[in-house]
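**Student:** The sequence isn't on hand, but the structure is:
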């Protein structure tokens, strides 16, 4: 396995190998899965001093995809209000190492203009030197949030029919800039 010091550098997300998804329970029996298609992100990794690490992720809210256009339109309009709040943004404030490949990344998550602190658990899934694009790292992470904390709701019925708990799934591939 690669050592932390070997990971030091500035990175950008590889959008072709990164997936940013979510899962929400609907009507207590089924799950709705979706993902965002448009996003960009960058990170600085300092393998010698994790206090110098940073990351930023910007997701275009209108790029939400659940394979149901009516639901996607409703999510964009009444839930995420993409006209007034076009992006979901995460900016890290702290990185902690838990194990050889485990990390906690704390930061501020902004949805619908509301910013709240969150901590995302990540696992380093690999690092490789890709001859086509250069050095790449893979990370897998997730967090469960309460969408009501960010005002992501439509009406009283959705408070009952759609669970307030939403799991965000991050499968990240990032390329070190030269």
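**Tutor:** On my side now, so go ahead. The structure displayed is predicted, hence computed values, not measured ones.

**Student:** Ramachandran coordinates for the nearest residue to residue 95 once chain neighbours are set aside?
**Tutor:** Of all residues not flanking residue 95 in the chain, residue 53 sits nearest, at 4.2 Å (CB to CB, 6 or more residues apart in numbering). (C-beta placed from N, C-alpha, C; glycine too.) Torsion angles at residue 53 (phi, psi; degrees, to the nearest 10) stand at phi -80, psi 150.

**Student:** Could you pull up the residues touching the closest residue to residue 150 other than its chain neighbours?
**Tutor:** Among residues not flanking residue 150 along the chain, residue 111 sits closest, at 3.9 Å (CB to CB, 6+ apart). Residue 111 makes contacts with 80, 85, 88, 147, 150-152, as judged by CB atoms under 8 Å, 6 or more residues apart in numbering.

**Student:** let's see it at 7 Å
**Tutor:** Counting by CB atoms under 7 Å, 6 or more residues apart in numbering, residue 111 makes contact with 88, 150, 152.

**Student:** so who does the second one touch?
**Tutor:** Shown here is residue 150, whose contacts under the criterion CB under 7 Å, 6+ apart are 111-112, 114, 116.

**Student:** From residue 25, how far out is it?
**Tutor:** Plainly put, residue 150 is 17 Å away from residue 25 if you go by CB to CB, to the nearest Å.

**Student:** lowest-confidence helix or strand of this protein?
**Tutor:** Across the helices and strands of the chain, mean confidence by mean pLDDT, DSSP states H and E is lowest for helix 156-161: a mean of 57.

**Student:** Residues touching the very next helix or strand once past it, excluding its own?
**Tutor:** Once the chain leaves helix 156-161, the next helix or strand it forms, by DSSP states H and E, is strand 162-176. With contact meaning CB under 7 Å, 6+ apart, strand 162-176 is reached by 9-14, 17-26, 43, 120, 133-148.

**Student:** and the residues you listed, which are buried?
**Tutor:** 9, 11, 13-14, 18, 20, 22-25, 43, 120, 135-139, 141-143, 145, 147 (16 or more other CB atoms under 10 Å).

**Student:** Which strand or helix spans residue 15?
**Tutor:** Using DSSP H and E, residue 15 sits within no helix or strand.
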